[in-house]
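Enquirer: Fold the following.
(3 chains)
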Amino acid sequence: MSLQTATVLRSNTFRSSLLFSAAFIALLVLVNFALFNPGQVSVVVLSGLYQGMLFFLVSAGFSIVFGLLDVLNLAQGSFFMLGAYIGFAVYGSFPEGTPVWARFMAAIMAATLGGGLLGALTESALIRPLYARPVFQIVLTFGLGIVFTELVRAIYGPAGLIPIQPPAALDTTFPILGARFETYRVFIIVVGAVLMAAILLLLQRTRIGIIIRAGVQDSEMVQALGINIRRIFTLVFALGCAVAALGGITAAPYLGAFPSMGDQFLLSAVIVVVLGGMSSFEGTVIASILVGLTRATAEQISLQYLQTPVLASLSILLIMIVVLLVRPSGLFGREN
Amino acid sequence: MQTPGALYEQPNRASHKGFLPGILLAALLAPPLIAAIRGQAPPDVSGFEHFTRSLAEVACADGLNLVGSLYIAETILLGMLTAVAFAFPPGKHPVFTALRNQGALLSALLLLIAMPFVIAWGTDSSICERGKSFFWQSVFIEAFILAALAISYNLIFGFIGVISFGHAAFFGAGAYGVGLLIHHLEWPLGSAVLGALLVSVAMGVFVSVIALRIRGLYFAIFTLVFAEIFFVLAQNRIMVNITGAEDGFTFAVPDWINATKNRITFYYLGLAYLVGAFLLVRQIVNSPTGRVMHAIRDNEDRAIMLGYNTFTYKMLAIVLAGTLACGAGILRGLLNKGASPSVLSISFTMDPLLMTLIGGAGTFIGPVIGAFLLHLVEQALRDTVIPIAGIEINIGERWFLILGVIFIVIVIAFPTGIAGTLQSWWNKWTARRNARAPSR
Amino acid sequence: MPNILEVDEIYTDIGQFHILEGVSFQVPEGSVTVLLGRNGAGKTTTLRSIMGLWKPHRGRINYQGADLVGKPAYQIAQLGIGYVPEYRAIFRHLTVAENLRIAERKRGQLAERQRFIFDLFPDLERLYNWPGGQLSGGQQQMLAIARALVAENKLLLIDEPSEGLAPVLIEQMMQAIRQLSSHSTVLLVEQNFRVASQLADFYTIIEDGKSVHHGEIKQLLKEPDLIRRYLGAA
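Expert: Numbering: from 1, shown residues only, chains lettered A, B, ... in the order given. Coordinates of the predicted model:
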């Protein structure tokens, strides 16, 4: 029966994508165990997850925004950076003696809100007039990223700011199988995982989520049902920017804040989204972890054997080319 | 019905087509011929080198010598004739028509040919003197290279509507390719140039075959990543014995093209490359192939439905644009007698994109206008400080910020750039004037 | 019978193509009106112009005293117009339940109307939690119509409901449309003349982007020449 085959087919492609990703991750872990001692392996896995979460935070906005609006927001990286600077400014504006955790929470909240507001402004003032000219939208976000980066460079100088102090409980290291790992990086992993779950819930369980998923397929029909899709566009764009800004301030106590910090993650985030299959959010989630682990493994290998981190950036570039050759629409991509 | 004021595009009018180019050729050749006859090169060299040395010798004699004054006079004459042709549009004499269609462009070309002499005159020095004369010559050489790069970018972005974020890879391949072949394999200059160009052709085919299979943004992303790979590789410490890692490397070039010794030759070489690239792209776009490219840009689905193999046309444009960009990169490498990772960086993708957009994507002259404007303005204002609202802004330091803002304004308000906007104003103006004039 | 919708000389371009060049007709309240005409005559464009998905550059569309021309699609829908596009354009990655829920304009609307919808289309109750993409063609068509019934729409625009369906399913579909037409006015586009003639009270023939003939369907059935001339078949 045709209905039955269709069911099996669809779940099969999804399952095979999952299976492929799981096999890939297993392979990476095996490679790790073959090359390094258990302590190193656990550090590689944790730092892979940590990097993956940062990639996820920058690219989460990418895939939803791209799916719904068909806009590739190349300014996403600079929202990551802006989040860090907004957070630092708020953190510093408190008088001495305010408890660190309060300043820290305020910084995170202000950065997220600020990123969201800036995103909403960007969409309604700059992106909206260009829906008729899609090529110019990418070009515009590209230019916007430059403006944000240069603006921050002009105001705060090129050198970057000294990292802010996270709460004491997070500002330490813990032992793991004979190696040590920073607690703060685990905190970043937790923040990333919580956001993954929250966005998945939003997409699956709420009315807004239903509208977004419907809009990814056919935004015109959503309009014809009486829903103002333009408002949803703005909301989604703002959400993507808010998540990136949240990622920026979360990472900043560890990385510091400097004007080009977003650019470093932008390319990896783009690769994550392409690997995951552009408009598939589940794909982005899995691809970000996959890319993070790959990068961490390659980094460890090249540090140990080549004394330079060359493989780290090359590995993910090569993975993307290989995947595009084998599956042109990405791991979880849908052929139209 | 005559369509007036085709400022940039060359209408297909057969009669008197060769009139102005013929005059131009004569105008171009006369001064150096006279100079070469009067100059005296050492007897042991012959042929081409004899010609260039005699020319250089005469040209270097003083600031504004015979060659220079002849060129300047020619520029002024042609400029005035063109102005007259524009001021009296009803004149239908073929000479006027030819002047209106080509005069402005040819005057600009003559002006660029005369430019080293004008610079020497303005700075009260010889065209072969180091210092101001050399500095401004190199500024123009860089502008020629950037303009050629922008022209190549415009071929895919403006005429076929494909967006690439990896043009730097082709530009860098030129600089690195020619340098590596000369430095490590000790190839002669000619073979090295050819080798680098072949590499860029292969890169263009590779990128097209892989990334054009899926339409739209994948190509942009793929090219971004593709260029990044070269950038990462070139500056990595692992490659230090080959590419010199972050510092880059230098190589030796033959004397006649050595920009430190013989900058004026390089100046004309750069100009010739720019003119060649301009004519080549214009020829292609005005050909039947170009019309298919237009169709693809306007609506690819329809082009496919009409039976065109759009992949072939896109690949052709990408390979050709890549090769032209590679040529510009080769010139850049030869000019600096070296290559460093910066030629592979994102700024050599951003620059042509910006220049094309500002000048006018999809117009012939737009990228050239954009490149000259941006590069010359940057050089002229790099040390200028202007106070705005109590803050002192150093133009050179904030150049990228200023560019970014201009970029956004252009994208939103003037998507056709300077050339496109001027063209549409001109069309409106002449249409209004024709409506006013009594019909004859 | 007052007219719920009056389309007055609309002209619509798509890109450089002039698709509609003067379409006028009225839809009496409570009726089923069908737009007839050959492929490419402009029937779907007419529905999309009413819905605001394409903008007419001339003419007026009067819906209960409001001019629809120039209004964004979502506002037009909120005035009480439901749209069922051709090719069963449901959301394939959403479940049946979600496909219906997205059409709610007020909280709880679906719960209120659920019984009515399930009585019309019993299959949908059984398939409530299935992804729309896994439904059969006929079920998808039913879902598309059901989706337009969740909000209380006074006017339904239904485009080619019988297209690509097996004869048994066409009967079922006609049954459903007949039933819902007792609650709302229906403007139908239908290629299948047999289906159209059995469902509709009034017709408008569109030819090359112009409305060329109106009347009662009973009248049209008596004029085979007209049918052959404009529709190609009797």
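
Enquirer: Can you name every helix or strand that the helix or strand hosting residue A:296 contacts?
Expert: Using DSSP states H and E, residue A:296 sits within helix A:281-305. For helix A:281-305, the packing partners by 3 or more C-beta pairs under 8 Å, 6 or more residues apart in numbering or on different chains; DSSP states H and E come out as helix A:2-35, helix A:38-69, helix A:183-205, helix A:261-276, helix A:310-326. Any C-beta I mention is one placed from the backbone N, CA and C, and that applies to glycine too.

Enquirer: Tell me which of those helices sits most buried.
Expert: Of all the helices and strands packed on helix A:281-305, helix A:261-276 carries the top mean neighbour count, a mean of 26, counting by mean count of other C-beta atoms under 10 Å in any protein chain shown.

Enquirer: That one near chain B at all?
Expert: Yes - for helix A:261-276 and chain B, the contact criterion (C-beta under 8 Å from any C-beta of the partner chain) is met by A:267, A:270-271, A:274.

Enquirer: Who are the packing partners of that helix?
Expert: helix A:38-69, helix A:76-93, helix A:134-156, helix A:229-255, helix A:281-305, helix A:310-326, helix B:217-235.

Enquirer: what about the residue of the stretch 51-200 of chain B found nearest chain A, how many neighbours?
Expert: Across the stretch 51-200 of chain B, the shortest distance to chain A (C-beta to the nearest C-beta) belongs to residue B:163, at 5.4 Å. Residue B:163: 20 surrounding residues under other C-beta atoms under 10 Å in any protein chain shown.

Enquirer: Name the nearest residue to it, sequence neighbours excluded.
Expert: residue B:220 (4.8 Å; C-beta to C-beta, 6 or more residues apart in numbering or on different chains).

Enquirer: give me every residue that touches the one you found.
Expert: A:72, A:138, B:163-165 (C-beta atoms under 8 Å, 6 or more residues apart in numbering or on different chains).

Enquirer: now residue B:73
Expert: Neighbour list for residue B:73: empty [criterion: C-beta under 8 Å, 6+ apart].

Enquirer: Now do it against residue B:79, distance only.
Expert: According to C-beta to C-beta, to the nearest Å, residue B:73 and residue B:79 sit 11 Å apart.

Enquirer: One more: residue B:230?
Expert: Relative to residue B:79, and taking C-beta to C-beta, residue B:230 is found at 43 Å.

Enquirer: The two: which is more packed in?
Expert: Between residue B:230 and residue B:79, counting by other C-beta under 10 Å, residue B:230 is the more crowded of the two (21 against 17).

Enquirer: who in the stretch 101-250 of chain A is up against chain B?
Expert: Close to chain B, as judged by C-beta under 8 Å from any C-beta, the stretch 101-250 of chain A has residues A:126, A:129-130, A:133, A:135-136, A:138-140, A:142-144, A:146-147, A:150-151, A:153-154.

Enquirer: Now that we have those, which of them are buried?
Expert: Among these, those buried by neighbour count (16 or more other C-beta atoms under 10 Å in any protein chain shown) are A:126, A:130, A:135-136, A:138-140, A:142-144, A:146-147, A:150-151, A:153-154.

Enquirer: can you tell me which of those lies nearest to residue C:4?
Expert: Each of those was checked against residue C:4 using C-beta to C-beta; the closest is residue A:130, at 37.8 Å.

Enquirer: Pull up the per-residue confidence for that closest one.
Expert: pLDDT for residue A:130: 85.

Enquirer: Would you quantify the distance from it to residue B:224?
Expert: In terms of C-beta to C-beta, residue A:130 sits 20 Å off from residue B:224.

Enquirer: Confirm residue B:260 sits in a helix?
Expert: No - remark: residue B:260 does not belong to a helix; assigned using DSSP: H, G, I helix; E, B strand; the rest coil, it is coil.

Enquirer: give the contact list for the nearest residue to residue A:273 once chain neighbours are set aside.
Expert: Spatial nearest neighbour of residue A:273, excluding adjacent residues (C-beta to C-beta, 6+ apart): residue A:62 at 4.5 Å. Residues near residue A:62 by C-beta under 8 Å, 6+ apart: A:72-73, A:76, A:240, A:269-270, A:272-273, A:284.

Enquirer: make it 10 Å
Expert: A:71-74, A:76, A:240, A:243-244, A:266, A:269-270, A:272-274, A:276, A:278-279, A:281, A:284 (C-beta atoms under 10 Å, 6 or more residues apart in numbering or on different chains).

Enquirer: Roughly how far does it sit from residue A:276?
Expert: Using C-beta to C-beta, residue A:62 is found at 9 Å from residue A:276.

Enquirer: ditto for residue B:170
Expert: 29 Å.

Enquirer: And for residue A:237?
Expert: In this view, residue A:237 and residue A:276 are 19 Å apart by C-beta to C-beta.

Enquirer: same check, this time on residue B:29
Expert: Per C-beta to C-beta, residue B:29 is found 61 Å from residue A:276.

Enquirer: With residue C:8 instead?
Expert: Relative to residue A:276, and taking C-beta to C-beta, residue C:8 is found at 50 Å.

Enquirer: now the strands for chain B?
Expert: For chain B, the strands defined by DSSP state E cover B:249-250, B:338-339, B:385-388, B:391-394.

Enquirer: any chance of the ones you listed in a markdown table, plus mean neighbour count, distance to chain A and mean pLDDT?
Expert: As requested, those are exported to a markdown table (neighbours: other C-beta atoms under 10 Å in any protein chain shown; distance: least, C-beta to the nearest C-beta, whole Å; pLDDT from 0 to 100):
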| stretch | mean neighbour count | distance to chain A | mean pLDDT |
| --- | --- | --- | --- |
| strand B:249-250 | 16 | 18 | 85 |
| strand B:338-339 | 24 | 19 | 86 |
| strand B:385-388 | 9 | 12 | 76 |
| strand B:391-394 | 11 | 8 | 74 |
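
Enquirer: right, so of the ones you listed, which gets closest to chain C?
Expert: strand B:385-388 (40.3 Å).

Enquirer: With just CA atoms, put stretch C:33-44 into CSV.
Expert: Taking Å, rounded to 0.1, in the frame of the first residue of the first chain, the C-alpha atoms of stretch C:33-44 are listed here in CSV:
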residue,chain,number,x,y,z
THR,C,33,-20.7,30.0,-7.5
VAL,C,34,-18.3,28.4,-9.9
LEU,C,35,-15.6,29.9,-12.1
LEU,C,36,-15.3,28.0,-15.3
GLY,C,37,-12.8,28.3,-18.2
ARG,C,38,-9.9,26.6,-19.9
ASN,C,39,-6.5,25.9,-18.3
GLY,C,40,-4.6,29.2,-18.0
ALA,C,41,-7.7,31.4,-18.4
GLY,C,42,-7.1,33.1,-15.0
LYS,C,43,-9.4,31.3,-12.6
THR,C,44,-6.8,30.5,-9.9
